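1. the sequence isn't on hand, but the structure is:
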């Protein structure tokens with residue numbers, strides 16, 4: 001006679017293999033018992049066991065459904081590319097909080113009515129609609145600054161917004177100034193567009209404005225890409241005096257800033273560079289970190305003098321937004337969901353930073369209490385590439401400094417750790433990395 005554990009194992013295998021998909025409904029327990037030749041009481045225990053394993057969820061009055069893979073599962077993929085299964089991910093960094101799915105689902109209810117859904121599935125333009133632009137202005141507002149809704153353009157996601165803006169501002173063969181350690185996607189965008197990235201010096205306060213002047217004097221820059229708040233990977237936030245100084249230099253040189261504000265929602269008490277230099281700054285933001293990576297929307301807040309070129313770039317690149325994402329963002333902003341998630345992620349980031357600080361105490365770590373990543377200067381004799389390889393052998397993905405380094409400059413002996421994995425998984429992974437760091441690389445050769 002079949003026991004409930006073996007039957008549960010068989011169903012779990014069907015879920016893992018994809019025979020049963022997320023959202024599929026399991027048959028009523030009596031029917032399930034007949035199909036499998038087991039008692040009704042055994043079927044009840046099978047369903048309880050599947051729920052205990054987190055594979056199914058019961059809904060009163062509706063039945064039992066295969067649960068979508070949890071955002072707390074700790075799956076991962078290659079550094080800065082696409083998610084894959086099999087490793088602990090300290091590379092890709094998409095923060096999620098436990099209440100996230102319930103909040104988002106509640107806001108989507110009205111949008112799933114047939115008439116509303118029919119409208120939401122129609123094509124959308126890069127400017128969206130005035131009501132959506134108004135909601136977007138509320139999403140992006142921070143530190144006493146609120147963008148003019150009419151200046152907001154939309155893209156499918158933040159990366160597309162970056163690519164479109166850079167393509168509009170910098171011609172092939174042109175020069176784009178960037179911080180000497182920068183977001184790796186800008187490197188890929190520049191390579192594809194035939195643009196030269198010019199590394200600009202940084203110090204403990206972020207980008208050095210004089211470095212912009214020096215680079216522009218050597219050969220004219222077409223624009224400067226900068227992350228003033230919670231820099232990726234260094235977690236630096238520019239002091240207000242530095243932001244004002246940078247704005248003054250850019251204005252004097254007649255340069256446009258591309259301000260990457262993707263992580264700035266975690267420092268929403270601070271205004272952006274765009275508040276100091278509104279006519280010469282294009283601010284880029286997205287929903288992927290604030291809300292969720294699976295339903296994305298990119299924003300480009302552009303001066304009126306540049307909006308036409310940027311809109312044309314968005315259209316020509318095929319980077320216009322989905323109307324469904326526009327409508328969802330509008331509703332989430334109107335019902336307060338966006339702010340609830342931002343507040344929750346402020347708290348969640350602080351918890352993760354405390355966890356990282358406990359594990360990495362005594363090491364040279366650069367971070368901020370509201371950041372979802374940290375920058376770890378590795379102890380001697382470790383090199384970043386060797387450490388990354390050793391971590392991978394233990395099933396943990398981390399990003400080496402070389403991924404962020406521009407040009408032929410020497411990459412620091414450091415790694416970036418993303419902290420968005422489930423807390424228990426993150427704690428275990430950090431423990432393994434600390435043990436690695438305290439060992440010698442040669443200790444691993446004979447493993």
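-> Looks like it came in fine. These figures come from a predicted structure and were not determined experimentally. Numbers count the residues shown, from 1 in each chain.
2. contacts, neighbours, all on C-alpha from now
-> Will do.
3. any weak-confidence spans in the chain?
-> Low-confidence segments of the chain (pLDDT under 70): 1, 59-62, 68-86, 409, 442-447.
4. need the longest helix for it.
-> The longest helix of the chain (DSSP state H) is helix 337-359.
5. what sits up against that helix?
-> Outside of helix 337-359, the residues within contact range by CA atoms under 8 Å, 6 or more residues apart in numbering are 95-97, 100, 103-104, 107, 139, 265-266, 290-291, 332-333, 368-372, 419-420, 423, 427, 430-431, 434.
6. so how far is residue 376 from the closest residue to residue 395 other than its chain neighbours?
-> Spatial nearest neighbour of residue 395, chain neighbours left out: residue 87 (4.8 Å); criterion: CA to CA, 6 or more residues apart in numbering. Per CA to CA, to the nearest Å, residue 87 is found 20 Å from residue 376.
7. more crowded one of the two?
-> A side-by-side neighbour count of residue 87 and residue 376, using other CA atoms under 10 Å, places residue 376 first with 23 against 18.
8. name the residues of the host helix or strand of that one that are buried.
-> Remark: residue 376 resides in strand 373-377, with elements defined by DSSP states H and E. Neighbour-count burial for strand 373-377 flags 373, 374, 375, 376, 377 (criterion: 16 or more other CA atoms under 10 Å).
9. what strand or helix carries the closest residue to residue 3 other than its chain neighbours?
-> Leaving aside its sequence neighbours, residue 3 sits nearest to residue 42 (CA to CA, 6+ apart; 7.3 Å). Here residue 42 sits within helix 40-52, counting by DSSP H and E.
10. elements contacting the host helix or strand of residue 189?
-> Per DSSP H and E: residue 189 is located in helix 184-193. Contact here means 3 or more CA pairs under 8 Å, 6 or more residues apart in numbering; DSSP states H and E; on that basis helix 184-193 packs against helix 158-169, strand 196-200.
11. now the contacts of helix 337-359: which count as buried?
-> For these, a burial check counting by 16+ other CA under 10 Å picks out 95-97, 100, 103-104, 107, 139, 265-266, 290-291, 332-333, 368-372, 419-420, 423, 427, 430-431.
12. coming back round to it: how far away is the residue nearest to residue 395 from residue 429?
-> Computed as CA to CA, the residue 87 to residue 429 distance reads 10 Å.
13. in the stretch 151-300 of the chain, which spans are strands?
-> 152-155, 175-179, 196-200, 202-203, 206-207, 223-226, 256-260, 281-286, 298-301 (DSSP state E, counting those that start in this stretch).
14. ok so, going back, and of the helices and strands packed on helix 184-193, who's closest to residue 258?
-> Of all the helices and strands packed on helix 184-193, helix 158-169 sits nearest to residue 258, with 7.7 Å by CA to CA.
15. so what does that closest one touch, helix or strand wise?
-> Helices and strands touching helix 158-169, by 3+ CA pairs under 8 Å, 6+ apart, are helix 184-193, strand 281-286, strand 298-301, helix 304-316.
16. and of those, who's closest to residue 413?
-> helix 184-193 (16.9 Å).
17. what comes up buried for that closest one?
-> 184, 185, 186, 187, 189, 190, 193.
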